[in-house]
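Peer 1: Show me how the following folds:
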Amino acid sequence: MNKLSRATVALSLVLPVLAAQAASCSISSPAHTVALVELYTSEGCSSCPPADRWLGELTQRYAADRLVPLSLHVDYWDYIGWQDPYAQARFSERQRWLSQLGSTATIYTPEVFVGMKEIRGWRSPDSFENRIQTINRQPARARISVQMRSSGSADVDLAARFDLDETARPGRMAQGIVIVYEKQLSSEVSAGENRGAKLRHDNVVRYWSKPVTIDVKTGQAEWKQVVTLPAAWKRENLGIAALVQDAQGGEVLQAVSMPACV
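Peer 2: Below is the predicted model:
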């Protein structure tokens with residue numbers, strides 16, 4: 001083998017390693033407002049599977065620059081016999097908080113919030129479309145930039161920058177949140193209301209960062225975190241999302257999502 005051939009072989013061996021080390025992806029939010037759709041659901045709830053299917057279909061009906069659909073599994077149905085493997089207590093808490101912002105103490109599943117406001121007519125395509133259009137028509141009051149860098153190991157570097165528009169700063173307690181979600185999940189349910197069923201889910205929230213307070217004066221905030229991905233999470237099905245919310249007024253100022261880097 002001549003020197004050139006040996007060099008070519010060596011380079012071919014090194015390039016995949018360098019590619020893995022340099023794997024990164026990023027996204028910035030558009031000029032209009034993207035709608036955040038939150039479905040509160042549970043595998044212990046017999047009326048939830050149709051809502052789970054509905055959420056999964058949204059990714060086929062809507063482009064990512066129109067809405068960010070998220071499935072948040074709550075834990076308050078676990079007591080009836082089936083422990084939802086995707087449930088987190090923080091999602092039950094968030095659902096209660098959103099309900100309180102809407103001046104109601106009642107929470108239930110499936111329940112849908114769009115832009116942090118409950119929508120009871122989500123089953124109606126026209127009613128849902130009207131809500132999304134109303135949000136999409138609004139100029140963005142916040143800008144979000146998200147970046148993910150992966151070396152192929154269990155740890156990934158996530159970074160986000162949040163910027164409020166000048167018109168949105170006065171009197172707002174704005175917060176940024178970064179999210180990791182997973183598609184194409186399934187469970188064989190052996191107890192509870194859905195006993196014997198095979199349930200499928202999309203855009204299930206796996207990681208929800210602590211709120212990042214956006215500086216009132218500058219209207220800016222930056223966030224960085226190394227997130228360890230459990231082995232059970234399928235990297236090729238992961239996605240990253242971020243949002244800016246008005247924590248006092250109960251409104252989403254902007255949202256964005258992208259497929260994760262694998």
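
Peer 1: Who does Ser28 form a beta bridge with?
Peer 2: For Ser28, the beta-bridge partners under DSSP bridges are Ser145.

Peer 1: Could you report the neighbour count for it?
Peer 2: 12 (other CB atoms under 10 Å). (Each C-beta comes from the backbone N, C-alpha and C, glycine too.)

Peer 1: ok, now which ones touch it?
Peer 2: 143-146, 256 (CB atoms under 8 Å, 6 or more residues apart in numbering).

Peer 1: do the same with Pro30
Peer 2: Going by CB under 8 Å, 6+ apart, the list of residues near Pro30 reads 65, 140.

Peer 1: separation between it and Ser24?
Peer 2: Taking CB to CB, to the nearest Å as the measure, Pro30 falls 21 Å from Ser24.

Peer 1: Also Trp97?
Peer 2: Trp97 sits 34 Å away from Ser24, going by CB to CB.

Peer 1: What count of nearby residues applies to the nearest residue to Pro85 once chain neighbours are set aside?
Peer 2: Residue nearest to Pro85 in three dimensions, not counting chain neighbours: Ser187, with 6.4 Å by CB to CB, 6 or more residues apart in numbering. Using other CB under 10 Å, Ser187 is surrounded by 16 other residues.

Peer 1: What helices and strands are in contact with the helix or strand harbouring Ser187?
Peer 2: Element membership of Ser187, judged by DSSP states H and E, is strand 185-188. In this structure, strand 185-188 makes packing contacts with strand 198-201, judged by 3 or more CB pairs under 8 Å, 6 or more residues apart in numbering; DSSP states H and E.

Peer 1: What is the distance between the strand it packs on and the centre of its chain?
Peer 2: In terms of CA atoms, centre = their mean, to the nearest Å, the centre of strand 198-201 is set 18 Å apart from its chain centre.

Peer 1: Give me the packing partners of the helix or strand just after it, helices and strands only.
Peer 2: Counting by DSSP H and E, the next helix or strand C-terminal to strand 198-201 is strand 204-208. On a contact count with 3+ CB pairs under 8 Å, 6+ apart, strand 204-208 meets strand 67-73, helix 89-101, strand 174-182.

Peer 1: so of those, which one's packed in deepest?
Peer 2: Stretch with highest mean neighbour count among those: strand 67-73 (a mean of 26; mean count of other CB atoms under 10 Å).

Peer 1: contacting residues for the residue lying closest to Ser42 once chain neighbours are set aside?
Peer 2: Nearest residue to Ser42, sequence neighbours excluded (CB to CB, 6+ apart): Trp77, at 4.3 Å. Neighbouring residues of Trp77 by CB under 8 Å, 6+ apart: 42-45, 84, 109, 192.
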